[in-house]
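Student: Okay, sequence plus prediction incoming.
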Amino acid sequence: MPHKTRPMAAVLLFTGLNAVLVSTISPVYDFVCFLPYWEQRRTQASGAGSCIGSHHDMEMEVNHLMSCCFLLHQ
């Protein structure tokens, strides 16, 4: 066998990576969910009696906001 496998190192790396990802998702989720932009959209939609938009429009806006946040934090 030309290459030694290191299962313990792989398990530790996998666990450590998951721990980092779990610890960073909460601040990102809070930042995106509690943006003043969403509150403004919510009040405009309820005040004007109009619909917020299609699901596709909302996905595009969320993707745009996430990419902007990613660029700002680099």
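Tutor: Structure received. Numbering: from 1, shown residues only.
Student: So, low pLDDT: which residues of the protein?
Tutor: 1-3, 46-57, 68-74 (pLDDT under 70).
Student: In it, which helix is the longest?
Tutor: Assignment by DSSP state H gives helix 7-33 as the longest helix of the chain.
Student: Give the other helices and strands that that helix contacts.
Tutor: helix 55-72 (3 or more Cβ pairs under 8 Å, 6 or more residues apart in numbering; DSSP states H and E). The way it works is simple: take the backbone N, C-alpha and C, and place the C-beta from them, glycine included.
Student: For residue 16, give me its contacts.
Tutor: Under the criterion of Cβ atoms under 8 Å, 6 or more residues apart in numbering, the contact list for residue 16 is empty.
Student: next structured bit after the longest helix of the chain?
Tutor: Moving toward the C-terminus from helix 7-33, the next helix or strand (DSSP states H and E) is helix 36-48.
Student: what's the angle from that next one to helix 7-33?
Tutor: Helix 36-48 runs at 40 degrees relative to helix 7-33, counting by axes from the mean of the first three to the mean of the last three Cα atoms, to 10 degrees.
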